[in-house]
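Trainee: sequence plus predicted model, see below.
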Amino acid sequence: MSNTSKEVLDNMMNNIATYKAYLMSNTVQMRKFVKKWRMPLISGLISIIILYIFFSKIYNRETKLTRHLIRARSSFVLESIADNKEVLDNDFRLCDFYIASSYRSFLPGNQYFDIVSADTIRTILECGVRYIELDIFPSSFCVNSAPVVVSGREKGLWHYSNSLSLDVAFKTIKDVAFNNKTTINIREPLFLYLNINANENYNLLKKVADLVDQYFGPRLTSTNNKYKDIFPQTPIKNLFGKVVIISNKKWEKSPMEELINLSPDGESFDKITMRSLNSDQVTDNFDKRELTEYNKRNITRVYPIYNGRSSENYNPSNCWLTGCQIVAFNYQTSDAFLDFYLDFFKNLSMRLKPEPLRFKPFVYDKPPPQNPAVSFAPIKHSTPFYSIVY
């Protein structure tokens, strides 16, 4: 090996040794630095992650989740059936209409482990919805606890979200649903479905009844028991500006009993005037003709099935084709089905069902006059000498 090559090799080895020593020195310094500032670095990283989650997922969450509704609301040209000449000139009944309906109207996001918001109720009403659902629980295990709107489970009174005072929820509904500055169709009836999970807490039921009367008393409809049996066939003109109270059957022998107009829970499935079915029960119904005939004189509420926390929608066409009036949708979920649903109700919150899906009593034509020649009526024959009837 030449002297030149040997010198180059020695220089390379010296450079490598110098760089290795430099790395070792820097590594030791880095370790000392990390050891010294380890906790502040970890705390800073965790803080950045928390801030990111807060501003992207939590902060102003209601507005972010309902942004699609706010956009859709601007394209609505709502009219009221109370000003519709066809409705005013005919005797259409409640069961003759499709109703823009919201499922679990207090949730802007997931079905549980999420938030409850009065602003969501406000936005949904401003989009023309006239059917609102509220899940009502006691705020605690105390017998005198206040009623709250919350996502939860009745067994064990578990709460899976934050809670909203029922007083605030009712006030929001009253301030928006019948305010001509925010809602055009204020004369149309408003339907409130109260899913009461009270564990037979009479005091809670009384508080719910008092709040219903406080906020909607002048707008409540007749509570005559005989009237309840035929409520779906009430002329729609009699319900203009009214509030219709619907509830699950957990209010018997309480003040709520005098306020309920409809309930999907009855002693006999064939006798009740309102049914509650999930979307699969309607889609996979083996006797759609029976359901269609039922809906000509009664009411069916359809609600979505959700898997886990997610809020999913379904094809409403199958429900409308069988005459189901209350097809409740997850307004918080922006998907193709919701776009179709919003387009269906963008001009009217209550749409008249097609004539074949409405009940029309069978009327016989007036029979022609009887031919006297074939009559069996007695005939009297008289002469100057006798009179006989045969």
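Mentor: Sure thing, it's come through.
Trainee: pick out the residue nearest the middle of the protein.
Mentor: Nearest residue to the geometric centre of the chain (Cα atoms, centre = their mean): Tyr103, 1.7 Å.
Trainee: name the nearest residue to it, sequence neighbours excluded.
Mentor: Distances taken as Cβ to Cβ, 6 or more residues apart in numbering put Ala328 closest to Tyr103, at 3.7 Å, once the chain neighbours are dropped. Just so you know, the C-beta spots here come from the backbone N, C-alpha and C atoms, and that holds for glycine as well.
Trainee: next: Tyr160.
Mentor: Tyr160 sits nearest to Tyr112 (Cβ to Cβ, 6+ apart), 3.6 Å away.
Trainee: what about the strands in the stretch 51-200 of the chain?
Mentor: Using DSSP state E, counting those that start in this stretch, the strands of the stretch 51-200 of the chain run over 97-102, 131-138, 147-149, 152-153, 158-159, 164-165, 190-196.
Trainee: tell me what the last one is packed against?
Mentor: It refers to strand 190-196. Strand 190-196 is packed against strand 131-138, helix 166-177, helix 202-216, strand 243-247, with contacts defined by 3 or more Cβ pairs under 8 Å, 6 or more residues apart in numbering; DSSP states H and E.
Trainee: make a markdown table out of these and add mean neighbour count and mean pLDDT.
Mentor: A markdown table is the format used below for the helices and strands packed on strand 190-196 (neighbours: other Cβ atoms under 10 Å; pLDDT from 0 to 100):
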| stretch | mean neighbour count | mean pLDDT |
| --- | --- | --- |
| strand 131-138 | 24 | 93 |
| helix 166-177 | 19 | 93 |
| helix 202-216 | 19 | 92 |
| strand 243-247 | 23 | 93 |
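Trainee: nearest to Pro304 among the ones you listed would be which one?
Mentor: Nearest of the helices and strands packed on strand 190-196 to Pro304, taken as Cβ to Cβ: strand 131-138 at 11.3 Å.
Trainee: straight-line length of stretch 84-103, end to end?
Mentor: One end of stretch 84-103 sits 27 Å from the other (Cα to Cα, to the nearest Å).
Trainee: distance check, Ala198 against Phe345.
Mentor: Counting by Cβ to Cβ, to the nearest Å, the gap from Ala198 to Phe345 is 32 Å.
Trainee: same thing with Arg31?
Mentor: Arg31 sits 66 Å away from Phe345, going by Cβ to Cβ.
Trainee: which of the two has more neighbours?
Mentor: Phe345 (21 against 10; other Cβ atoms under 10 Å).
Trainee: which residues touch the more buried one?
Mentor: By Cβ atoms under 8 Å, 6 or more residues apart in numbering, the residues touching Phe345 are 98, 100, 128, 351.
Trainee: tell me the pLDDT of it.
Mentor: Model confidence at Phe345, given as pLDDT, is 91.
Trainee: can you give me the helices in the chain?
Mentor: All helices of the chain, identified by DSSP state H, fall at 3-53, 61-65, 67-75, 85-89, 118-126, 166-177, 202-216, 225-229, 279-283, 288-295, 317-321, 336-344.
Trainee: what's the domain layout of the chain?
Mentor: 1-59, 62-357 (automatic domain parsing).
Trainee: winner for burial among those domains?
Mentor: Across those, averaging neighbours per residue (mean count of other Cβ atoms under 10 Å) puts domain 62-357 on top, at a mean of 18.
Trainee: centre of the chain to that one, how far?
Mentor: Distance of domain 62-357 from its chain centroid, counting by Cα atoms, centre = their mean, to the nearest Å, is 6 Å.
Trainee: who's the closest spatial neighbour of Asn315, skipping the chain neighbours?
Mentor: Excluding the flanking residues, the one nearest Asn315 by Cβ to Cβ, 6+ apart is Phe337, at 6.1 Å.
Trainee: quick check: the one you found touching Pro316?
Mentor: Yes: look at Phe337 against Pro316 with Cβ atoms under 8 Å: they come within range, at 6.9 Å.
Trainee: what sits in contact with each of these two?
Mentor: Joint contacts of Phe337 and Pro316 (Cβ under 8 Å, 6+ apart) are Phe329.
Trainee: returning to what we had before: need the helices and strands packed on strand 190-196 in JSON lines (columns: distance to Ile48).
Mentor: Shown next, in JSON lines, are those (distance: least, Cβ to Cβ, whole Å):
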{"stretch": "strand 131-138", "distance to Ile48": "36"}
{"stretch": "helix 166-177", "distance to Ile48": "35"}
{"stretch": "helix 202-216", "distance to Ile48": "44"}
{"stretch": "strand 243-247", "distance to Ile48": "48"}
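Trainee: for these, which one sits closest to Arg275?
Mentor: Here strand 243-247 is closest among the helices and strands packed on strand 190-196 (Cβ to Cβ), at 12.0 Å.
Trainee: what's the pLDDT at Phe76?
Mentor: At Phe76, pLDDT is 69.
Trainee: ditto for Tyr193
Mentor: pLDDT at Tyr193 comes out at 95.
Trainee: was I right to think it contacts Ile299?
Mentor: No: here Tyr193 lies out of contact with Ile299, judged by Cβ under 8 Å, at a distance of 11.3 Å.
Trainee: quick revisit: and the residue nearest to Asn315, what is it in contact with?
Mentor: 313-316, 329.
Trainee: next one: Ser163
Mentor: 116, 137, 139, 148-150.
Trainee: distance of it from Gly109?
Mentor: Ser163 is 15 Å from Gly109, by Cβ to Cβ.
Trainee: go on, Leu352?
Mentor: The spacing between Leu352 and Gly109, counted by Cβ to Cβ, is 34 Å.
Trainee: can you name the residues bridging to Val389?
Mentor: Here Val389 shows beta-bridge partners Lys380, assigned using DSSP bridges.
Trainee: contacts only, for it.
Mentor: For Val389, the contacting residues are 378-381, by Cβ under 8 Å, 6+ apart.
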